[in-house]
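# Sequence and predicted model, in that order:
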Amino acid sequence: MQRLLCTRCGDSIHPDTAKRNDGLCVPCVRGNLLSIEQRKDRHRNEREAERAWLESPEHRYWSSLVDRVYKQPGGFGVLSRGDQLYYLVNVLSGEVHNGGFDQFFSNSSGDRYYETVQALVDLGDRTTLGLLEEAKSALFEAARVPVDRIVRFRLMRTASEDHPQYDATVLALEELDKRFYASAERVTKLLERVAAEHDLYHGA
């Protein structure tokens, strides 16, 4: 069911709520003006932050990098080492923040597991490397990680709830995800370092 917008503050509300309250959300009905202003400010700040990101050199560079990986002949293989390092670390970060280490391995990002490991070795990020390798062990034990996505997914302990180690693996990955999230600032600084050392944002 499509949600509607409150006629006073513009917040998203359920159609039943809108019908019951003449188009208003609950905070507006209650006259909670402070809450309304706070939400307006929050939405305004979110829009401004998104606009700033879209106009930033980082975003322009990243968009260009993704296009080169998927659209240029040779793709990832013909990138400079700086571009490769940035791409691998940023993809790892994006996948884990979006759906955890399980998503990193189950998506096409897992195709480049060993390249990502080498990137973290080259960059000296032992903390992120340790978390990635622990996640690998939780999902595959000592087995190698297949490059083929379908084969890899079938081997993952989380591929089926019937797997005898499913629950233990999920719990282990959740803990690793939390530890990764707690180190988000360090990963951001790592990407900034790569960009600065290889002058990646220049001309973006």
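Structure's in. What do you need?

# how about the helix or strand that contains D167: buried residues?
Assigned by DSSP states H and E, D167 falls within helix 166-182. By neighbour count with 16 or more other C-beta atoms under 10 Å, helix 166-182 contains the buried residues T169, V170, A172, L173, L176, D177, F180. No exception for glycine: its C-beta is placed from N, CA and C like everyone else's.

# Residues touching it, excluding its own?
96-97, 100-102, 128, 131, 134-135, 138-139, 157-158, 160, 163, 187 (C-beta atoms under 8 Å, 6 or more residues apart in numbering).

# Mind picking the two most distant members of those?
S160 and V187 (30.8 Å; C-beta to C-beta).

# Those two: which is more packed in?
Shown here are S160 and V187; by other C-beta atoms under 10 Å, V187 has more neighbours (20 against 9).

# Could you double-check that that one lies in contact with T128?
Yes: because the distance of 6.3 Å satisfies C-beta atoms under 8 Å, V187 is recorded as touching T128.

# so what sits against both of these two?
Here V187 and T128 have V89, F180 as joint contacts, going by C-beta under 8 Å, 6+ apart.

# Identify the bridge partners of S12.
Beta-bridge partners for S12, by DSSP bridges, are L5.

# In contact with it, which residues?
R3, L4, L5, C6.

# any idea how far it lies from R3?
Distance of S12 to R3, given as C-beta to C-beta, to the nearest Å: 5 Å.
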